[in-house]
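Peer 1: this is the structure alone, sequence omitted:
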C-alpha cells in the first residue's frame, strides 16, 4: 500500500525534491562492446569491481543512501557475487543493456533493439537516446516501469496511445561525473556552453553538483546524480564524491529532499502521478 500523500512537499516526508544517486558501468562490459578490451587480457577481475565497488558501497552505507546501480546484464554471468553484494546492501540493480551499447546507434534497427532486450532479460534502462514510442513500448513489454535517458524533466509519458505509461527519471549531462572528468566529453562541454573543452577537476564537479542539488530543492522536482566506479580510482575524486554524498545526506536530514532509488521514485510517482509533468523535454545531444 502506498504511503499517504504528504501535506507539505509533494514527496515523502514533506520533501520538496526527490533525488537519486546512481552508479553506472560495471567491469569490462563497455570496453568489450567497443572493441577496447585486449583479446589476451582475462576478464573477471576489473578494478572497478574488485577495488572501487567496495569503496562506493562503503560510502553509500556511511551516509545511509540507497543507490541505483545501472549494470549491464553481461555482468550477471561474470560478476554474480558483486551483483549480489549490491542487492544485499539494499540497493537497486537496474538494467543498462547487454554490454552498455550506444542505444541510438547499435540498437537503431528494431530487430537489434529487441535482440538486446531478449538477450539481457534471458540473463537477468537503456540510457542516452532512445527510439521514441518503439523503445518505450518495448520497455513496458519487458516489464520496465521506468526509463532513465537524457532529458530535462522527470515525467510520466503515455505509451501505446494512452493505454499504458512509463515513468521517465532522466539524467542531465551536467550531473554525470564523466561530463567533468573525461577528455572525450570535451565537445559536449562546449555544446552545453558552461565549461571549457578541457577536462575539469573534482572541485568543479563538487561546486556544480552541490549548486544543482540546492537549486532542485528550492525549485522542487526530480534530480539524478550519476557516478562511475571506473572514473573514481584516486583519492581526490573519491573525496569529491563523498563531499557530494555528505551534502545530500545533510539536506535529507533537514527534510529538504527525499533520497531514494529509481524504483522507489517510480512507485511513488505511479501512486501520485501529478508530482511530475508529461513532457520530459528529451535531450538528444551526445558526447560521441
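Peer 2: Received the coordinates, thanks. What you are looking at is a predicted structure, and each value in this text was computed from that prediction instead of being measured.

Peer 1: and residue 230, how far is that from residue 12?
Peer 2: Using Cβ to Cβ, to the nearest Å, we find residue 230 at a distance of 33 Å from residue 12. In short, each C-beta sits where N, CA and C put it, glycine included.

Peer 1: before we move on, what about residue 206?
Peer 2: Residue 206 sits 27 Å away from residue 12, going by Cβ to Cβ.

Peer 1: next one: residue 258
Peer 2: The value you get for residue 258 to residue 12, if Cβ to Cβ is used, is 5 Å.

Peer 1: neighbour count: the two, which is higher?
Peer 2: Just comparing residue 258 and residue 12: by other Cβ atoms under 10 Å the higher neighbour count belongs to residue 258, 23 against 18.

Peer 1: quick check, that one in a strand?
Peer 2: Yes: counting by DSSP: H, G, I helix; E, B strand; the rest coil, one finds residue 258 located in a strand.

Peer 1: looking at it, it is touching residue 14, isn't it?
Peer 2: No: between residue 258 and residue 14 there is no contact under Cβ atoms under 8 Å: 9.1 Å.

Peer 1: state the helix or strand in which residue 66 lies.
Peer 2: Element membership for residue 66 (DSSP states H and E) is empty, with no helix or strand holding it.

Peer 1: no wait, residue 270
Peer 2: Using DSSP H and E, residue 270 falls within helix 262-271.

Peer 1: for that helix, buried residues please.
Peer 2: 262, 263, 264, 265, 266, 267, 268, 269 (16 or more other Cβ atoms under 10 Å).

Peer 1: strands along this protein, start to end?
Peer 2: Secondary structure of the chain (DSSP state E): strands located at 17-24, 68-71, 92-95, 146-147, 155-159, 164-168, 221-227, 257-259.

Peer 1: make JSON lines from the ones you listed and add distance to residue 215 and mean pLDDT to it.
Peer 2: Below are the strands of the chain laid out as JSON lines (distance: least, Cβ to Cβ, whole Å; pLDDT from 0 to 100):
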{"stretch": "strand 17-24", "distance to residue 215": "9", "mean pLDDT": "97"}
{"stretch": "strand 68-71", "distance to residue 215": "22", "mean pLDDT": "95"}
{"stretch": "strand 92-95", "distance to residue 215": "25", "mean pLDDT": "92"}
{"stretch": "strand 146-147", "distance to residue 215": "23", "mean pLDDT": "92"}
{"stretch": "strand 155-159", "distance to residue 215": "19", "mean pLDDT": "96"}
{"stretch": "strand 164-168", "distance to residue 215": "20", "mean pLDDT": "96"}
{"stretch": "strand 221-227", "distance to residue 215": "9", "mean pLDDT": "97"}
{"stretch": "strand 257-259", "distance to residue 215": "12", "mean pLDDT": "98"}
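
Peer 1: just send these back as TSV, with distance to residue 187 too.
Peer 2: Converted to TSV, these look like this (distance: least, Cβ to Cβ, whole Å):
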stretch	distance to residue 187
strand 17-24	20
strand 68-71	24
strand 92-95	28
strand 146-147	25
strand 155-159	27
strand 164-168	25
strand 221-227	19
strand 257-259	32
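
Peer 1: for those, which one sits closest to residue 243?
Peer 2: Among the strands of the chain, strand 221-227 comes nearest to residue 243, with 12.2 Å by Cβ to Cβ.

Peer 1: run the chain-centre distance for the closest one.
Peer 2: Put simply, strand 221-227 sits 7 Å off its chain's centre (Cα atoms, centre = their mean, to the nearest Å).
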